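Participant: Model the following, please.
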Amino acid sequence: MSEKEKSRVTVYIMGEEYILKSTASPDRMHSVGHYVDRLMTSLSDSNQQMSRQKIAVLAALNLADELLKLKEEKLQSSGEANNRGDDNELA
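Facilitator: As a prediction, the model looks like this:
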């Protein structure tokens with residue numbers, strides 16, 4: 001089984017260069033980098049006295065919150081679909 005080849009892209013987050021390596025497409029990696037840059041820049045703009053480290057932790061917390069909400073929504077919608085399926089079986 002061959003391992004999928006990794007691409008390398010350079011992204012800039014808050015003016016700093018980061019080289020990403022992933023099996024994801026370069027476009028996807030650029031999108032992720034831009035998303036994180038926009039989030040951190042927005043947090044920095046509204047919290048100008050906060051250190052970069054604290055901005056990064058706050059961004060990580062925001063991203064974790066987004067992820068957990070999406071997971072909960074997915075579980076809820078799959079549960080609703082299962083419930084609808086059960087109702088149809090009884091009809």
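Participant: can you give me the strands in this protein?
Facilitator: Secondary structure of the chain (DSSP state E): strands at 7-13, 16-22.
Participant: of these, which approaches L39 most closely?
Facilitator: Nearest of the strands of the chain to L39, taken as Cβ to Cβ: strand 7-13 at 9.3 Å. The way it works is simple: take the backbone N, C-alpha and C, and place the C-beta from them, glycine included.
Participant: Without its sequence neighbours, what residue ends up closest to the spatially most central residue of the chain?
Facilitator: Nearest to the mean C-alpha position of the chain, by Cα atoms, centre = their mean, lies L63 at 5.8 Å. Closest residue to L63 apart from its sequence neighbours, by Cβ to Cβ, 6 or more residues apart in numbering: L39 at 7.3 Å.
Participant: Can you report how many residues lie near that neighbour?
Facilitator: Around L39 there are 18 other residues, counting by other Cβ atoms under 10 Å.
Participant: Could you tell me how far stretch 23-41 lies from the centre of the chain?
Facilitator: 9 Å (Cα atoms, centre = their mean, to the nearest Å).
Participant: Between strand 7-13 and the helix or strand of the chain with the lowest mean pLDDT, find me the angle.
Facilitator: The helix or strand of the chain with the poorest confidence is helix 52-90; it has a mean of 86 (mean pLDDT, DSSP states H and E). For helix 52-90 against strand 7-13, the angle by axes from the mean of the first three to the mean of the last three Cα atoms, to 10 degrees is 120 degrees.
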